[in-house]
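# below are the sequence and a predicted model for it; my questions follow.
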Amino acid sequence: MPETFPSAAPDSQNGTFHAEGRTVDAGRGWDWIVEAFALFRKQPGMWILIVLLAGILFVAIGMIPVLGSLASALLFPIFGAGLMLGCKALDQGGTLELAHLFAGFKEKTGNLVMVGVFNLIGWVIMAVAVFAVIGGGVFMGMMRGGLPGAGISIASMLIALLLVAGLLVPVSMAIWFAPALIVLHDLAPVAALKASFFACLRNWIPFLVYGVILLVLCLVAAIPLGLGYLVLVPVLAASVYTAYRDIFRAG
C-alpha cells in the first residue's frame, strides 16, 4: 500500500482530497463545533445510544487490571474510525447506525490496529517516563528526608505533569485525523499519522480556538449533573469529522 498521496487528488464523492491538509482560518475552530452539532441534531437518539454503549465498553475493558488500559489505547482508533464512517453517512444524507461503532473492525482493521499500536506505545512511554520522574523524586526525598525531601517530591510531580503534556500533545496530533484518513481515504498508517500531525500543527490557531471553546462547553455540560455530556461527547466525536472535512477536503 502506498505511503504517500498526491497533494490534491480528485474524489468523486467528497470533492478534492488534500492529503497534506489545508490551512484554515482561526474562526473555523468554532465552525467545526457548530457543524458537528448539526450532525448530532440529525439523529440525537442514536448518537446518545452509541456514546453510552461506547462508554460502557471502555469502562468494562478498563476494569481489567493492566491489560484493560493497554487494550483501550489499542482499540480507541478502531472505534473512532467507525464513528467517522457514521459521520460520513450522515453527511451524505444517510443514517447513523449502531453498527457504525463497530465498523472499524470490518474496514481497514489492520491499518487501524497499527495506529492503535502507535497510541499504545505513546501511552506506555508516558507512563514509564512519569514513573521514572516521580520515582526518582520519591527516592531523593527518602534520601534527604523531611521538608527538603517533600519539596523534591512536589517538584518531581510538576515535572511529570509537564512531561505528560509534552508527550500527549504530539501523540494526540498524530492520531487525531489518522482513523478518518485511513478508513475514508485508504492512507497507510505512517502516512495517516504524519498527515494528521502536520495538519494539526499547520492549524494550531483554529485548534486553540476549538480547545478553548470545548473547555467552556465542558464546564457548562457538567452543570446539570453532567447530563450535558450526553450531547457534548457526540458533538466532540462529530467535530473530528467536520475538522477533517474542512482541512483535508475541498469542493
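Happy to help now that I have it. Numbering: from 1, shown residues only.
# could you list the low-pLDDT ranges of the stretch 1-150 of the chain?
Applying pLDDT under 70 to the stretch 1-150 of the chain flags residues 1-15, 134-150.
# which parts of it are helices?
Shown for the stretch 1-150 of the chain, the helices assigned by DSSP state H, counting those that start in this stretch span residues 28-42, 44-62, 67-91, 109-144, 146-176.
# most packed of these?
Mean neighbour count (mean count of other Cβ atoms under 10 Å) peaks for helix 67-91 among those, with a mean of 21. Just so you know, the C-beta spots here come from the backbone N, C-alpha and C atoms, and that holds for glycine as well.
# tell me which strands and helices it is in contact with?
On a contact count with 3 or more Cβ pairs under 8 Å, 6 or more residues apart in numbering; DSSP states H and E, helix 67-91 meets helix 28-42, helix 44-62, helix 109-144, helix 178-185, helix 229-248.
# before we move on, back to that, and the helices of the stretch 1-150 of the chain: which comes nearest Leu225?
Proximity to Leu225 (Cβ to Cβ) singles out helix 44-62 among the helices of the stretch 1-150 of the chain, at 15.2 Å.
# for that closest one, give me every contacting residue.
Contacts with helix 44-62, where a contact means Cβ atoms under 8 Å, 6 or more residues apart in numbering, come from 40, 68-69, 71-72, 75, 79, 83, 86, 95-98, 100-101, 230-231, 233-234, 237-238.
# now do stretch 99-115
For stretch 99-115, the surrounding residues in contact (Cβ under 8 Å, 6+ apart) are 1, 50, 53-54, 74, 77-83, 85-86, 89, 175, 178-179, 182-183, 186-189, 192-193.
# how many neighbours does Asn203 have?
23 (other Cβ atoms under 10 Å).
# same question but for Asp186, I mixed them up
By other Cβ under 10 Å, the residues close to Asp186 number 15.
# give me phi/psi at it?
phi 60, psi 30 (degrees, to the nearest 10).
# for it, give me the pLDDT.
pLDDT, Asp186: 92.
# report the spatially nearest residue to it, omitting neighbours in sequence.
Using Cβ to Cβ, 6 or more residues apart in numbering and skipping residues adjacent in sequence, the residue nearest Asp186 is Lys108, 6.9 Å away.
# what helix or strand does the nearest residue to Ala26 once chain neighbours are set aside sit in?
In this structure, Ala26 finds its nearest non-sequential neighbour in Ile205, 4.6 Å apart by Cβ to Cβ, 6+ apart. Assigning secondary structure by DSSP states H and E places Ile205 in helix 204-222.
# measure how that helix sits relative to helix 229-248, angle-wise.
Angle, helix 204-222 to helix 229-248, by axes from the mean of the first three to the mean of the last three Cα atoms, to 10 degrees: 170 degrees.
# so what touches helix 204-222?
Residues from elsewhere that reach helix 204-222 (Cβ under 8 Å, 6+ apart): 24-30, 32-33, 200, 227-229, 231-232, 236, 239, 243.
# how about 7 Å then?
The contact list for helix 204-222, computed with Cβ atoms under 7 Å, 6 or more residues apart in numbering, reads 24-26, 28-30, 32-33, 200, 228-229, 232, 236.
# extract the C-alpha set from that helix and format it as PDB.
The C-alpha trace of helix 204-222 is given here as PDB (Å, rounded to 0.1, in the frame of the first residue of the first chain):
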ATOM      1  CA  TRP A 204      -2.700  25.300  15.600                       C
ATOM      2  CA  ILE A 205      -4.600  28.600  15.800                       C
ATOM      3  CA  PRO A 206      -8.000  27.200  14.900                       C
ATOM      4  CA  PHE A 207      -7.300  24.200  17.200                       C
ATOM      5  CA  LEU A 208      -6.500  26.600  20.000                       C
ATOM      6  CA  VAL A 209      -9.900  28.400  19.400                       C
ATOM      7  CA  TYR A 210     -11.500  24.900  19.200                       C
ATOM      8  CA  GLY A 211      -9.900  23.800  22.500                       C
ATOM      9  CA  VAL A 212     -10.900  26.900  24.500                       C
ATOM     10  CA  ILE A 213     -14.500  26.700  23.300                       C
ATOM     11  CA  LEU A 214     -14.600  23.000  24.200                       C
ATOM     12  CA  LEU A 215     -13.200  23.800  27.700                       C
ATOM     13  CA  VAL A 216     -16.000  26.200  28.300                       C
ATOM     14  CA  LEU A 217     -18.600  23.800  26.900                       C
ATOM     15  CA  CYS A 218     -17.200  21.000  29.300                       C
ATOM     16  CA  LEU A 219     -17.900  23.300  32.200                       C
ATOM     17  CA  VAL A 220     -21.400  24.100  31.000                       C
ATOM     18  CA  ALA A 221     -22.100  20.400  30.300                       C
ATOM     19  CA  ALA A 222     -21.200  19.500  33.900                       C
END
